[in-house]
Structures are given as structure tokens and as C-alpha cells.
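Student: Here is the input, now give the coordinates:
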Amino acid sequence: MGATWSDEGEWEEESEESTGEGITKGVGTLYSLLSGQAVFEAEEAGYEGVWCDKCGDNAGLEADLYCIDCEAAFCWGCSGRWHHPGGCNELHSLEVIVKGEGKGLRIVTPLLDEMLICVAAYHIFEGLKDCINSQYLFRSDICPVVRKQQEWLAWADTLVFYHFKDALMHSCSNEDNFWKLLLDAWVRTVVTDSDSLFLLLRTLPNALLIHYLATTLIVPPFALAYASLLVLVRSVESRLPRNRFLCIVAAIAQHVSAASARLVSYNMKAPMHTKPRQRPSQDIWECWTYWTGRQMRWFDFYYRSTKECATQLLANTLRCVVIFRCLGICFGLGRFIRYFLDMVGLEQTIATQQLWFARVYHMLDTDQLVWRGFAGTLAVTAELLLRADIRGIATCLLGLAAFIALDVLLRVGVVQRRWLQQRRVQRTVLLPMLVVLVAVPTARWAFLVIYFGLALLLLSFERLVRYLTDKQQQYFEQQWNDTYRDLVLGRCPSYNGDAPCPCPCTHARESKSSRRLPKKEWRFRLRCFRKRAWRCKRRRAPPAGASTSTDSVSAPSDTGQ
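Tutor: Numbering: from 1, shown residues only. From the prediction side, this is the model:
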């Protein structure tokens, strides 16, 4: 297609665009929203206008191509310069962006995040509402997730439940600290106005641990299921007809989603609707990678965006609760919130809970005790420092810090040296398994047959795949140089056919072979060169006895003369 080069008429048409189009579009936004006509001028069929990532929106050029390897959108001119025929980027996968050929409307997918957050918040509120009762201050078992795991284990096997009983109780205590960190914002900050900094600092580390475990163990399976649901809903939405009523609903959904996206944002762009690339596959693995990535593109986007949004939502919730409790402790913000809630109609609920927690006002003021102890410790420390040898104390502290730093460096070096080398990893993993299996008499022959049989089979399969890929690479390079390069990328305008292309970007592939070697390879070659030089020097040097004999022979000849 000669696709990566733009014509001069294209640039002239772009430069002659009317400046009044933006004003007309701004005035007609409300009318288009209510009437359903021209709701999306730039995305009439699900296409969102994207500017070229190289020249930007200042040039006024929209993107026409998308590069899978660069993960960037290009206009025709930038793509021709970036993926020049003969350059190092000529084998990148280029896909033409589809404009005005899509079908369907996005109605449910923009609002599915908001609906899911509302449903989850409602269920969490209903589940934790029963936890706030007259025994709240003395309870230590607010752990709904661990309770559910206990029910599953007891339903599966009671023996397994009793085996993990201690671990479940410890996990319940950690989860209780997480929920107490959130619920104390209501009980101690708003209702009783008895929150303390010592209590906040006591529950915060375990709450952070539970937050890390939630983002590591709970968020990925949830993101996987939610991404599958979004892909299914999107496939149904792509079949909807584009009538006026559905266009109005889609426009409202887009505006609501754009307004709520300001609370939780992520730096990820949705995949664009593109055509398959015209370049043929280099080998079977490259074909598998490209086509699976193309089919799973929307699923991967939904999975990563859901995972990032859920992580940010959990972190922002925990951060806001901690800030709110700190403001209540330092400035008494809970009193103003309680006064506002009394005006709303929650006066009876707050009064009932104040009767439940009346005993909290007679408890010790832990913050005052902590600050007094800290102030006394500082006073005693200052008095001891005034009477002690400052230089000796500083020397001891510097020596201790140097010892800790040396120990950390040694540990990091040992870990890197063990896990970054493949042979030691194999020894660390396989040696215990070999010892266990060889020690069991009934498993020796089975292990030998299975292990070495699978190793031989995998080695044969790897050699076969390598042979096939090498043959396919050779055939592809021959076809690419003869036919496919001109069909996919076109011919450079400055190429006259007599000499190589004069563009400087074509020399990048030639300089690829002269790249710098890694540091380990340089050291290995230098060591080999030194050994060879030492051996050559040792061979050329005459023995010690031979040198003395020649001297003794030459001496009489000199005297004879």
C-alpha cells in the first residue's frame, strides 16, 4: 500500500481546516446531547480521536497507524520516518486505525465501575453495621473474610479446620485491626470524640499488612473475573443498533463516567479499533504472540485497569480514614461532623451509641501518658548527653551504622549471586528434590524414567522448534527483501534505485552488530586474552639453564679473540 508515506495534498487539507469548527462544536454540545444527533463527532462509530504521539496535537494531525511494538499511535508521515524501510524498526507490527467503521454503543461498560463500587459499598456497610454494638470496645473478632474461610474449611473437612485453627485466629486478629482502623473513625472520632494517636499508631501497621495482602491475593482474582464480565458485556454492546434513544443514553453514560473518573484515574489508554497488520508473520512463535495479543487486547486492558483502580481505591480509602482520624485527634473535627449529622436526622442513633460507649470517657488518656513518657525520656537523654563523651558516642553510632550497612551489602550480594545465576538456581531447586526422591526406594526408578524422559522429550521439541523457526526466519527475510517490504512500507521518496537509501536511519541496523558487550562478557574475554598472552610469553621465554650455557660458551670465544 505504500502506507507509511503521506501525500502533499494531505498536509494542505489539514492546514485549511476552519477555525470556527471548535466554536460550533462547543455551542452545539448541549443540543447534541439531548437530541442524539452527532453525539460523538470524532467517534461516530465508537472511534475516539487520537493525536499522533510524535508530532502531537499542535500539528493538527490525527493518528492513522498504531504500532504494537512501540505502543504508540502515528500519523502517516511520522510512521514513515519512524519505520523507515531498511531501518531497525521496519519489522514492527503496524495496524491501520479504523475510523467510522465500528458498530454498537457503549452504555453499560462506562457505568459498570460505578455500579460495582456502589454495590460493594452497600454490602460492606450492611455487613459492618451489625459489628457496632454495645460490646464493640471489647471485641477482637471483627474479621468477616477469615470467618468465611473458616466456614469453607469446616465445610470441606473439620480436621483441616482444627489443623489451621491457630493460624486462622492470628489472621483474624490482624484483620480485626484493619476493620477497627476504619470503624474507629465513626465510633471514637465522631460518636464519642475519644480517639487517640497511640491507638491509631497501634492498629496502623497491621492494617497496612492486610491492605498489602488484599492487593496481592484478592485483587488479581477479582480483576480476572471482572475483566471477563466486561469483555462479555462489550461483545453484547457491539451488536446494539445506533438509534436516537440509545445514542442519548450512551452520551449520558459517557458524561457520567468522565465525571466520576476524576476520583480514580489511571494512566492507561483503551485499545483502538484497528485492522490486522499486513506484514506476514516471521515464524510460528511470532505469529502466536501477535494474534493472541490481538485477541486478548481488550481483556488485558480491562484486567490491568481494574487491578490498578482497585489498588488505588483501597489505598485512597485507607489514606482518607487516617487523615480524618488525625484531624479529629488534633483539631476536634468529629464534633462538627456530629453536629451536622444531628441536623440531618441521625441524632437518635448517635445518642444511643453514646450510651453504649459511655465507659470510654473514664478510660486512661493514652496519648497524654505517651507524650509524658516521651518528654521524660528526652529530658533524661539530654541530661546524659550533656554529661557523657559526645565524641565516643558518635564514634560508636558510626561504627554500628557501618556494620549494619556492610551486613546489608553482603546479604544483598549473596542473594543476587545465588538467584541471578542459572546453575545455582537449578542446584537450589533440584538438589533437595533429588535427595528426597532418591531416599525413597519405591520412587527411584519412576523418578529417573519420568525426569530424564521428559528432559529428553523437551530437548527434542526445543531443537525441532528451533530448526523450524530458523527455516521460517530465512524464508521470511528472503520474501521480505524481495516483495513484502515494498507492499507494507512502500519505497522511500529519496531512493533512486542506483545506490542505497541515503537516509541516516537505515544505518541503525548496521551499527547493531557493533554494540557494546555486557560487562561480564568483557571481563571473560579480557581474562582469556591474559591467559593466552601469559602462555605465549611462557613458551617463547628460553629456560634458565639454556641462557647460562650460552653465556658460558660465548665468553671463551670473546676471550679467544
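Student: which other helices and strands contact the helix or strand hosting Arg463?
Tutor: Using DSSP states H and E, Arg463 maps to helix 444-479. If you count contacts as 3 or more CB pairs under 8 Å, 6 or more residues apart in numbering; DSSP states H and E, helix 444-479 packs onto helix 284-295, helix 422-439. Placement of C-beta: from N, CA and C, glycine included.
Student: which of these has the lowest average pLDDT?
Tutor: Mean pLDDT is lowest for helix 422-439 among the helices and strands packed on helix 444-479, at a mean of 55.
Student: if we can go back for a sec, what angle do helix 284-295 and the helix holding Arg463 make with each other?
Tutor: On the basis of axes from the mean of the first three to the mean of the last three CA atoms, to 10 degrees, helix 444-479 is oriented at 80 degrees to helix 284-295.
Student: Give me the average confidence score over helix 444-479.
Tutor: Mean pLDDT, computed over helix 444-479, is 79.
Student: try stretch 186-194
Tutor: Stretch 186-194 carries an average pLDDT of 86.
Student: what's in contact with that stretch?
Tutor: Around stretch 186-194, the neighbours that count as contacts under CB atoms under 8 Å, 6 or more residues apart in numbering are 132, 136-137, 195-196, 199, 324-325, 328-329, 332-335, 337-338, 341, 350, 353-354, 357, 360-361, 363.
Student: first to last residue in that stretch, what's the distance?
Tutor: With CA to CA, to the nearest Å as the measure, stretch 186-194 spans 11 Å from end to end.
Student: So Val133, which state does it fall into?
Tutor: Wrong residue type there; residue 133 is Asn, not Val. With DSSP: H, G, I helix; E, B strand; the rest coil as the basis, the three-state label of Asn133 is coil.
Student: I figured it hits Thr352, correct?
Tutor: No - using CB atoms under 8 Å, Asn133 is not in contact with Thr352, being 10.5 Å away.
Student: Domain ranges for the protein, per the record?
Tutor: 8-96, 109-364, 442-507 (automatic domain parsing).
Student: Format the ones you listed as a markdown table; extra columns: distance to Leu400.
Tutor: Shown next, in a markdown table, are the domains of the chain (distance: least, CB to CB, whole Å):
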| stretch | distance to Leu400 |
| --- | --- |
| domain 8-96 | 48 |
| domain 109-364 | 25 |
| domain 442-507 | 49 |
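Student: how close does Ile218 sit to Tyr212?
Tutor: Taking CB to CB, to the nearest Å as the measure, Ile218 falls 11 Å from Tyr212.
Student: Can you name the next helix or strand after the helix holding Arg463?
Tutor: Past helix 444-479, the next helix or strand by DSSP H and E is helix 485-488.
Student: Just the CA atoms of that following helix, as PDB, please.
Tutor: Provided in PDB are the C-alpha atoms of helix 485-488 (Å, rounded to 0.1, in the frame of the first residue of the first chain):
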ATOM      1  CA  ARG A 485       8.900  -4.500   2.200                       C
ATOM      2  CA  ASP A 486       7.600  -2.500  -0.700                       C
ATOM      3  CA  LEU A 487       4.000  -3.700  -0.200                       C
ATOM      4  CA  VAL A 488       3.900  -2.900   3.600                       C
END
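Student: ranges for the helices of the stretch 1-150 of the chain?
Tutor: Ranges of helices within the stretch 1-150 of the chain are 8-15, 21-27, 29-35, 76-82, 109-129, 144-156, based on DSSP state H, counting those that start in this stretch.
Student: what does the one helix or strand Phe340 maps to contact?
Tutor: Element membership of Phe340 [criterion: DSSP H and E] is helix 333-344. With contact meaning CB under 8 Å, 6+ apart, helix 333-344 is reached by 189-191, 193, 195, 324, 327-328, 347, 350.
Student: Any buried residues in it, and which?
Tutor: Of the residues in helix 333-344, 333-334, 337-338 count as buried by neighbour count, 16 or more other CB atoms under 10 Å.
Student: Show the average pLDDT along that helix.
Tutor: 87.
Student: Could you give me the buried positions within stretch 198-210?
Tutor: For stretch 198-210, by 16+ other CB under 10 Å, it's 199-200, 203-204, 206-208, 210.
Student: er, stretch 469-488 I mean
Tutor: Going by 16+ other CB under 10 Å, stretch 469-488 has these buried residues: 472, 476, 480, 484-485, 488.
Student: Quote the end-to-end distance of that stretch.
Tutor: This stretch, stretch 469-488, spans 22 Å end to end (CA to CA).
Student: which residues touch that stretch?
Tutor: 1-3, 85, 90-91, 94, 278-285.
Student: Apply 6 Å and report the result again.
Tutor: Applying CB atoms under 6 Å, 6 or more residues apart in numbering, the external contacts of stretch 469-488 come out as 85, 278-279, 282-283.
Student: Show the buried residues in those.
Tutor: By neighbour count, with 16+ other CB under 10 Å, the contacts of stretch 469-488 hold 85, 279, 282-283 as buried.
Student: What distance do you get for the nearest residue to Val146 once chain neighbours are set aside to Leu128?
Tutor: Once flanking residues are discounted, Val146 sits nearest to Cys172: 4.4 Å by CB to CB, 6 or more residues apart in numbering. For Cys172, the distance to Leu128 equals 15 Å [CB to CB].
Student: So between these two, which is more surrounded?
Tutor: Set Cys172 next to Leu128 and count neighbours by other CB atoms under 10 Å: Cys172 wins out with 19 against 15.
Student: my guess is that one contacts Ile142, does it?
Tutor: No - look at Cys172 against Ile142 with CB atoms under 6 Å: they stay out of range, at 8.6 Å.
Student: Sketch out the strands for the chain, chain order is fine.
Tutor: 65-67, 72-74, 94-96 (DSSP state E).
Student: I'd like those laid out as JSON lines, including distance to Ala167.
Tutor: Rendered in JSON lines, the data for these read as follows (distance: least, CB to CB, whole Å):
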{"stretch": "strand 65-67", "distance to Ala167": "49"}
{"stretch": "strand 72-74", "distance to Ala167": "48"}
{"stretch": "strand 94-96", "distance to Ala167": "51"}
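Student: which one of those lies closest to Ala185?
Tutor: Closest to Ala185 of the strands of the chain is strand 72-74 (CB to CB; 44.3 Å).
Student: Next, the contact list for the residue nearest to Thr306 when sequence neighbours are not counted, please.
Tutor: Nearest non-adjacent residue to Thr306, counting by CB to CB, 6+ apart: Ala223, 4.1 Å away. For Ala223, the contact set (CB under 6 Å, 6+ apart) comprises 303, 306-307.
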